[in-house]
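Colleague: below are the sequence and a predicted model; questions follow.
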Amino acid sequence: MEQLKTIGRELAMGSQGGFGQSKEFLDLIKSIGETRSKAEEDRIVLREIETLKSRLSSPNTPKFKLKEYLIRLLYVEMLGHDASFGYIHAVKMTHDENLLLKRTGYLAVTLFLNEDHDLIILIVNTIQKDLKSDNYLVVCAALNAVCRLINEETIPAVLPQVVELLGHQKETVRKKAVMALHRFYQRAPGSVSHLISNFRKRLCDNDPGVMGATLCPLFDLIMTDVDSYKDLVVSFVNILKQVAERRLPKSYDYHQMPAPFVQIKLLKILSLLGSGDKKASEQIYTIVGDIIRKSDSTSNIGNAILYECICCVSSLHPNPKLLEAAADAISKFLKSDSHNLRYLGIDALSRLIKISPEIAEQHQLAVIDCLEDPDDTLKRKTFELLYKMTKSSNVEVIVDRMINYMISINDSHYKTEIASRCVELAEQFAPSNRWFIQTMNKVFEHAGDLVNSKVAHNLMRLIAEGFGEDDDAVDSQLRSSAVESYLQIMGEPKLPSAFLQVICWVLGEYGTAGGKYSASYITGKLCDLAEAHSTDDLVKAYAVTALMKIYSFEIAAGRKVDILPECQSLIEEMLASHSTDLQQRAYELQAILGLDAHAVKKIMPVDSTCEDIEIDKNLSFLDGYVQQSLENGAQPYIPDSERSGMYNINNFKNQEDLESSTHALRFEAYEIPKPSLPPVVASSTELVPVPELSYVADILQPTTSITSASSSDAGSSDLKLRLDGVQRKWGRPNYSTPEPPKSSNNTVKIQNEATLHDSVGISNSKARVVSYDSRKQQVEIPPEKQKLAASLFGGASKSERRHSSSSQKTSKTQNHTADKSHVAVKTSQPPPPDLMDLGEPSSNISAPSIDPFKQLEGLLDLTQDTTSLSTGGVGATEAPDFSSLFADMSLSAQSDDFASQVSSVNSSNGLGGSTTERSIQQQLNKGPNLKEALEKDALVRQLGVTPSGQNPNLFKDLLG
């Protein structure tokens, strides 16, 4: 009877939706699951969106209904539709006092929003309040949201509360607090750099869950700085020993393995700490050996721990017993019928052969079985292993296998990777020149379009430099082999463009070098190649350049040049080409054909590809001409990097002379809004602020911070700016208010930033080997497989790698450059001129530019003599007395540094102290003069600043 009642209650709950959900919601889930097309699913979801929009907009929606609507919105969002209209309701639900609604709101917010969403700011206060709650479930919900939603800017708002929760009485809260700090470290390492010690403390927590959570941030920290955590090796070993001995509660077991994920993380950490450290490795040997012996290979999680142990052994200092145990574990993987375990065995073997290459002989047949397996993933992993095992004795077999596999696949990305590896192995372990050329031909023929352009250039460089050391015969044989193979292959259709470029270059450089082929034969082949690929301008350019080299070599040798009709027609076609590059090459070819042998030998020397070219970047041979032009009054050259920068103050006099002879549009200053102040009788010399000029951004350098404050007296001058009620153009957008003038010393502070570029070198470790315990000893091995195994593993075990092409430049290139003297000239660039530098221009004078604000027609007499700004001893090209423009500003003499600067400025301008004082005194004694004020304002405006003696903060606003 009780069973019937239970069934009745369950049926009643099912009819009403069950688990607190309505029948409408369950019907929605059912209808979505039964759809048979994407269009039908979209119709159901769009209808649901319209329903939710209408119901969420109702102000009287009950809270429990609102909870269900948010869950339905989650389904809408997961199915790829926009549910942003309900985000705000999820944010509001996080403020609810009901625990179930609050947790639902946090769940919805973490799934709806990202860390940069605009609504994040609305829940920061709620998170701060919930982190201080007495209910640990509320605290856990808030910590979950912290891990997902808090970004770098809002970390300081919640960091103190999260740190306090590390000492919470509930282990769940402590675990989530550690996870939150780990998340902060991942997003902004500097924000928790002072809290690293907390992770060490939590490692000793009584709860295994908190300890396991602490391993994740410690792993990231150890990867960054291994040496700082060497003292924790003993602690990690003890923890791993306790876990392996099943001292943790049974709740941490997974498939009868004690805390396997904690073991895996600890093995990863120990492999980092023991790498390259014999003392630390000796402390780790025992526990790793015990785990390998106790491992259970019947379950996936046991195999995962065993694989991690092998990776740890490959990182530690070599130990014979551990290597033997790891080899036995690898044999178990390779003998398995599961592709996944065989994949693990191949990967583990590729790690282990770095330490013990002799393991390969034990597992050679297993590697061949994996190489012939139909599973493409396993086959690719095996090729990676063979790539690491390659040496001079087996390079031919491995590269041949890789090329055949490359031809059979259609994956362009992996095809590119295989081609690059074939090229690298051929460069390092080529047994003969002929084999190298044939291998490169195959690679370019079948994957030329996918090979990086650097590979083609490396091939040309290798052919030019050669393989032999002090042996020109070997190099000549290599080049002749390349010429013969390219002449045979160039007639095939559909050759890649990169390969055709290599062919043209080789034929142009070495086609006639050995005397086996005549110039007419090679040029005819090149013309045929260019005509066959008439749509490829790059191939035609290489062909024309090859023709130029061959004709140059013939002229330099004193032989008569016979231009074939097809070559002549090709040259004429190039002369009329739409491509300027082809035109230039054709005209250069014509010009060379008209030169004598001596000139051609200088222009196109034979076999000079590897010679270093001396480049005089400063064009020192023009120094005499430049000096003569400067003496005749020419302007010095201004580097391009300084043309858009700050102009030299000494050039403004020349600019004023240039502008005085021209007229332009009339520009008037903007009117300022009239403040609501008592009427004041304004002086006739009041200046009006003007809008920021376009070149202010160029003059104000971003790496220079200049702060200036001028002290002034109340009645020193009437020349001032009216800034009351005017919106500031620099700094924060507010309005200036009258402030009493403050006195301070003028200081100039310049900070230069420098960027340090870290160069990271990557070393490619080439290992080889493999091991295998034959599981088919009773079955007879085919002779083909035995022969392949002998080819791969039967050779010499020693690595006989050649030096890479980049490090084996032969003495041939050294002979070319031994008699040359290289002149290295440093190009010194003058520093950018300083705003306050009033001295004579030392090396460059910027070209005068026309300032429209200087042309105030009717207000300023453009023909007025400007010599009043300079003394009688200063020439026309000298700068005006800049200090007189700021005569209304009472210069403070309290700073010795500033006084020395003023004295150096006066001495550099050729002005004595009395002359400067007289000039300043004359400006102080002058009455109001509109023309003079506007003239000064126009001159100073070219600097992008407007001086004012009554506003000491103006320079700080403009230049700070």
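Modeller: Structure's in. What do you need?

Colleague: give me the low-pLDDT residue ranges for the chain?
Modeller: 1-20, 467-470, 610, 644-780, 794-934, 936-960 (pLDDT under 70).

Colleague: mind listing the strands for it?
Modeller: Ranges of strands within the chain are 253-254, 257-258, based on DSSP state E.

Colleague: if you compare the ones you listed, which one is most tucked away?
Modeller: Of all those, strand 257-258 has the most neighbours on average by mean count of other CB atoms under 10 Å, namely a mean of 20. Quick note: C-beta positions are derived from backbone N, CA and C, even for glycine.

Colleague: strand partners of that one, parallel vs antiparallel please.
Modeller: In the sheet, strand 257-258 lines up against strand 253-254 (antiparallel) (DSSP bridges).

Colleague: of the strands of the chain, which is nearest residue 431?
Modeller: Among those, strand 257-258 comes nearest to residue 431, with 49.6 Å by CB to CB.

Colleague: show me the contact partners of that closest one.
Modeller: The contact list for strand 257-258 (CB atoms under 8 Å, 6 or more residues apart in numbering) reads 243-246, 248, 252, 263, 296, 299, 301-302, 305.

Colleague: same question for stretch 318-335.
Modeller: 281, 285, 288-289, 292-293, 295, 297, 303, 306-307, 309-310, 313-314, 316, 341-342, 344-346, 348-349, 352, 355-356, 359, 362-363, 366, 370, 771-773, 775.

Colleague: on that earlier part again, and the contacts of strand 257-258, which is closest to residue 49?
Modeller: Nearest to residue 49 among the contacts of strand 257-258 is residue 301, at 43.0 Å by CB to CB.

Colleague: now do that closest one against residue 260, distance only.
Modeller: 5 Å (CB to CB, to the nearest Å).

Colleague: anything in contact with each of the two?
Modeller: Common contacts of residue 301 and residue 260 (CB under 8 Å, 6+ apart): residue 254.

Colleague: tell me which of those two has more neighbours.
Modeller: Neighbours per residue (other CB atoms under 10 Å) separate residue 301 from residue 260, with residue 260 holding more: 21 against 16.

Colleague: need the contacts of strand 257-258 in JSON lines (columns: distance to residue 567).
Modeller: Listed next are those as JSON lines, based on distance: CB to CB, whole Å:
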{"residue": "243", "distance to residue 567": "80"}
{"residue": "244", "distance to residue 567": "79"}
{"residue": "245", "distance to residue 567": "85"}
{"residue": "246", "distance to residue 567": "85"}
{"residue": "248", "distance to residue 567": "84"}
{"residue": "252", "distance to residue 567": "82"}
{"residue": "263", "distance to residue 567": "74"}
{"residue": "296", "distance to residue 567": "77"}
{"residue": "299", "distance to residue 567": "74"}
{"residue": "301", "distance to residue 567": "73"}
{"residue": "302", "distance to residue 567": "73"}
{"residue": "305", "distance to residue 567": "72"}
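
Colleague: which ones among these are found in helices?
Modeller: Secondary structure from DSSP state H places 243-244, 263, 301-302, 305 of those in helices.

Colleague: with distance to residue 133 added, can I get those residues in TSV?
Modeller: Shown next, in TSV, are those (distance: CB to CB, whole Å):
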residue	distance to residue 133
243	34
244	39
263	35
301	37
302	42
305	40
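
Colleague: which one of those residues is nearest residue 108?
Modeller: residue 301 (34.0 Å).

Colleague: list the contacts of that closest one.
Modeller: For residue 301, the contact set (CB under 8 Å, 6+ apart) comprises 254-255, 257, 260.

Colleague: filter the contacts of strand 257-258 down to the buried ones.
Modeller: Burial by neighbour count, judged by 16 or more other CB atoms under 10 Å, picks out 243-244, 248, 252, 263, 301-302, 305 from the contacts of strand 257-258.

Colleague: farthest-apart pair in those residues, please.
Modeller: Farthest apart among the buried ones among the contacts of strand 257-258 by CB to CB are 248 and 302. That separation is 16.8 Å.

Colleague: quick one: residue 101 and residue 93 touch, right?
Modeller: Yes - the pair residue 101 / residue 93 is scored as a contact, 5.5 Å apart, by CB atoms under 8 Å.

Colleague: which of these two has more neighbours?
Modeller: Neighbours were counted for residue 101 and for residue 93 using other CB under 10 Å; residue 93 has more, 22 against 19.

Colleague: could you find the closest non-adjacent residue to that one?
Modeller: What sits nearest to residue 93 in space, not counting adjacent residues and going by CB to CB, 6 or more residues apart in numbering, is residue 105, at 3.0 Å.

Colleague: who's in contact with the one you found?
Modeller: Applying CB under 8 Å, 6+ apart, the residues near residue 105 are 70, 90-96.

Colleague: kindly give a single PyMOL line that selects the buried subset of those.
Modeller: Buried subset of those, written as a PyMOL selection, criterion 16+ other CB under 10 Å:
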select buried, resi 70+90+91+93+94+96
